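K.L.:
The sequence and its predicted three-dimensional model are supplied below.
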Amino acid sequence: MATRPDLRGPEQDRGHLGILAHSAEGAALCFRAFCQEGFDALGPHDHPDVTLDCRALARSMPAWDAGDHDTIRAVLSVSVDRLAGAGADFFVCPDNTAHMALERPGDDLALPGLHIAEVVADRAAAEGFRRVGVLGTRYLMDGPVYPRALAERGIAAEVPDADDRTVMNEIIFSELVNGVFTAESRREYVRVIDGLAARGADAVALVCTEIPLLVTPDVSPLPTLDSTRLLAHAAFDVAVGRRARPAWRGGPVGAVGPAQGPPTSS
């Protein structure tokens, strides 16, 4: 059996992760998954330093409803500033929809960050998927983030029809972001995933970071791409030097080029 490399180098050689939280449940899952990566690779109770900053989602919701992504970017940038002040070396944002705002043109963010859609699309390509269903908020399913990231890797994006997008969005904002996970909502998601499979999808990207708390691989009719845990895994790899430090500091992704480093196996 192949042994894993010993990552237990000097603590000062590890990167300090900053988590830019936008919704509480997804950010908490990302934090927990990052720490668990450390326990598995470094030993009991050990993980690279991590700081989480969260401005309440309520500060951004009116702007989301108005399509005012520049205001949301400004709200999120305050968290990045505070993470930089806390000593973080790079950041992740475990909120897929927030990347619509982070991609807006503007001043460079105070820290470089991993882009969640790039991480998910890299894994989809590594797994050989060709048509990926995209489940997230209405804003994200109607937006360009995942169609662009997947298309750049030769992968088609498939979204539910308009009625089902409304259902998915309502469950996210009335239940999931509030820590409510019901069997009825799980059945609705499974039904929608079944429909995506019937349309030729060979995997489903769970790209609201709370969805993996509701839809686990054992109940999904399609293989899942868990955006939250994939991002935590990529962040851990950056922190311990298995993946290149990111260069993206907000704005259009193509303005930086492929600075994320290659995907790694789980």
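P.N.:
Yep, it's here. Numbers count the residues shown, from 1 in each chain.
K.L.:
can you pull the buried residues of the lowest-mean-pLDDT helix or strand in the chain?
P.N.:
One helix or strand of the chain scores below all others by mean pLDDT, DSSP states H and E: helix 61-66, with a mean of 92. Neighbour counts over helix 61-66 (16 or more other Cβ atoms under 10 Å) mark A63, W64 as buried. (Each C-beta comes from the backbone N, C-alpha and C, glycine too.)
K.L.:
Which residues does the strand or helix carrying G195 contact?
P.N.:
Element membership for G195 (DSSP states H and E) is helix 183-198. Applying Cβ atoms under 8 Å, 6 or more residues apart in numbering, the set of residues contacting helix 183-198 from outside is 133, 135, 158, 160-161, 164, 167-168, 171, 175-176, 204, 211, 214-215, 219-222.
K.L.:
Please state the offset of whatever helix or strand comes next after that helix from the chain centre?
P.N.:
Counting by DSSP H and E, the next helix or strand C-terminal to helix 183-198 is strand 203-206. With Cα atoms, centre = their mean, to the nearest Å as the basis, the distance from the averaged C-alpha position of strand 203-206 to the chain average is 12 Å.
K.L.:
Grab the CA positions of strand 203-206 and hand them over as CSV.
P.N.:
Taking Å, rounded to 0.1, in the frame of the first residue of the first chain, the C-alpha atoms of strand 203-206 are listed here in CSV:
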residue,chain,number,x,y,z
ALA,A,203,-23.0,14.1,-12.5
VAL,A,204,-24.6,16.8,-10.3
ALA,A,205,-22.7,19.7,-8.8
LEU,A,206,-24.0,20.7,-5.4
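K.L.:
residues touching the nearest residue to T209 once chain neighbours are set aside, list them.
P.N.:
Excluding its sequence neighbours, the residue lying closest to T209 (Cβ to Cβ, 6 or more residues apart in numbering) is G26, at 2.8 Å. Counting by Cβ under 8 Å, 6+ apart, G26 touches P94, D95, V177, C208, T209, E210, T228.
K.L.:
Any idea how many residues pack against A151?
P.N.:
13 (other Cβ atoms under 10 Å).
K.L.:
That one contacts A157, doesn't it?
P.N.:
Yes: using Cβ atoms under 8 Å, A151 is in contact with A157, at 7.2 Å.
K.L.:
picking that back up, so which of the contacts of G26 sit within helices?
P.N.:
Among the contacts of G26, the members found in helices (DSSP state H) are T228.
K.L.:
and the two most separated of the contacts of G26?
P.N.:
By the measure Cβ to Cβ, V177 and T228 form the most distant pair in the contacts of G26, at 13.0 Å.
K.L.:
Need the residues that contact the helix or strand containing A84.
P.N.:
Using DSSP H and E, A84 falls within helix 69-85. Under the contact criterion Cβ under 8 Å, 6+ apart, helix 69-85 has outside partners 18-22, 51, 53-55, 59-60, 63-64, 91, 93, 98, 100-102, 104, 106-107, 109-111, 113, 250.
K.L.:
Going by neighbour count, which residues in it are buried?
P.N.:
In helix 69-85, counting by 16+ other Cβ under 10 Å, buried: 69, 71-77, 79-80, 82-84.
K.L.:
Check stretch 177-189 too.
P.N.:
Buried residues in stretch 177-189 (16+ other Cβ under 10 Å): V177, F181, S185, R186, E188, Y189.
K.L.:
what's around E118, how many residues?
P.N.:
The local packing of E118 (other Cβ under 10 Å) involves 25 other residues.
K.L.:
hang on, it packs against V253?
P.N.:
Yes: counting by Cβ under 8 Å, E118 does reach V253; the two are 6.7 Å apart.
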